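[1] Model the following, please.
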Amino acid sequence: MAQQIYKLYLGKTTEAWHQLSADEQHALLAKVNQALDHVGGKRIIMCDPTWSTEQWHFWGVEEFPDIETVMKHTKLLADLKWEALCRDDDGFGS
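    Predicted structure coming up:
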């Protein structure tokens, strides 16, 4: 039986992100959300910590049905070139 995987992410947008127009940012975020939905993942929480730290612009937790789903999601984000627009640290657990 597959075990659910939880992903904790801490993210900070890059200069490349800030060079996108607001419409381009919104379109990309829609694709990021679609990628999560496509693989069967679920965002449990996403927070804005900018009032308390300059190190991270956002953090959150996502839930995936299994590790294969995490790997598919990671590939979809890479296809979107997300890593060029957002630096993040991830932690996984079950």
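
[2] Tell me the bridge partners for L10.
    Applying DSSP bridges to L10 gives these bridge partners: W59, D89.

[3] OK, contacts around it?
    For L10, the contacting residues are 55-56, 58-59, 88-90, by Cβ atoms under 8 Å, 6 or more residues apart in numbering. C-beta: built from backbone N, CA, C; applies to glycine.

[4] Now with 6 Å, please.
    Applying Cβ atoms under 6 Å, 6 or more residues apart in numbering to L10 gives the contacts 56, 59, 89.

[5] could you dump the helix or strand containing D37 to CSV, C-alpha only?
    Element membership of D37, judged by DSSP states H and E, is helix 22-39. What follows is helix 22-39 as a C-alpha-only set of coordinates in CSV (Å, rounded to 0.1, in the frame of the first residue of the first chain):
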residue,chain,number,x,y,z
ALA,A,22,1.5,40.6,-13.4
ASP,A,23,-0.5,38.7,-16.1
GLU,A,24,2.5,36.4,-16.8
GLN,A,25,2.9,35.7,-13.1
HIS,A,26,-0.8,34.9,-12.7
ALA,A,27,-0.7,32.6,-15.7
LEU,A,28,2.3,30.8,-14.4
LEU,A,29,0.8,30.3,-11.0
ALA,A,30,-2.3,28.9,-12.6
LYS,A,31,-0.1,26.3,-14.4
VAL,A,32,1.7,25.5,-11.1
ASN,A,33,-1.7,24.9,-9.5
GLN,A,34,-2.9,22.8,-12.5
ALA,A,35,0.3,20.7,-12.2
LEU,A,36,-0.6,19.9,-8.6
ASP,A,37,-4.2,19.0,-9.5
HIS,A,38,-3.1,17.0,-12.5
VAL,A,39,-1.0,14.6,-10.4
